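Coordinates only, no sequence provided:
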């Protein structure tokens, strides 16, 4: 039976423990995802406390990281989601995403509504991908794809 968390404390502690194990074992998120059989983005989010993992995935991740049976069970619980405790993030990488939404949030809203109508883009029926590509002007660029199902507002 699926269990649900009532606060973020247990999953936050497990995330810290898992990241420590990842570091000590010199593992990549890609390698952990391979063990889980799920995407890198979903697995990373799950280990960081934002999604439950299916039983087999949780067991495989726990084994790879050297976590115990109770940790594997905790990886399967439905978390209290939300990874930014402050309203405005202070971490520079997370802040840049916040900044992007501050600058382009109204643009994204206008374009989505013009194309689809009144509704939302699901963060539940959702895929995320991050790719590193060469920049023709030198260096690298980050290509981030947010792929969510459109859910129209339904009058009732």
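Sure thing, it's come through. Treat the numbers as computed from the prediction; the structure is a model and nothing was measured.

which helices and strands sit right next to the biggest helix by length in the chain?
Assignment by DSSP state H gives helix 92-116 as the longest helix of the chain. If contacts are counted by 3 or more C-beta pairs under 8 Å, 6 or more residues apart in numbering; DSSP states H and E, helix 92-116 sits against strand 140-152. Quick note: C-beta positions are derived from backbone N, CA and C, even for glycine.

list the helices and strands the strand it packs on packs on?
helix 92-116, strand 119-134.

Show me what counts as buried in it.
When burial is assessed from 16 or more other C-beta atoms under 10 Å, strand 140-152 yields no buried residues.

State the mean pLDDT of that strand.
The average of the pLDDT scores along strand 140-152 is 97.

Find the centremost residue of the protein, please.
residue 45 (3.2 Å; C-alpha atoms, centre = their mean).

Local confidence estimate at that residue?
95.

so what's it closest to, chain neighbours aside?
Counting by C-beta to C-beta, 6 or more residues apart in numbering, residue 51 is the residue found nearest to residue 45 once chain neighbours are left out, at 5.2 Å.

Enumerate every residue touching the residue lying closest to residue 125 once chain neighbours are set aside.
Take residue 125 and drop its neighbours on the chain: the residue closest to it by C-beta to C-beta, 6+ apart is residue 149, 3.9 Å away. Residues near residue 149 by C-beta atoms under 8 Å, 6 or more residues apart in numbering: 121, 122, 125, 126.
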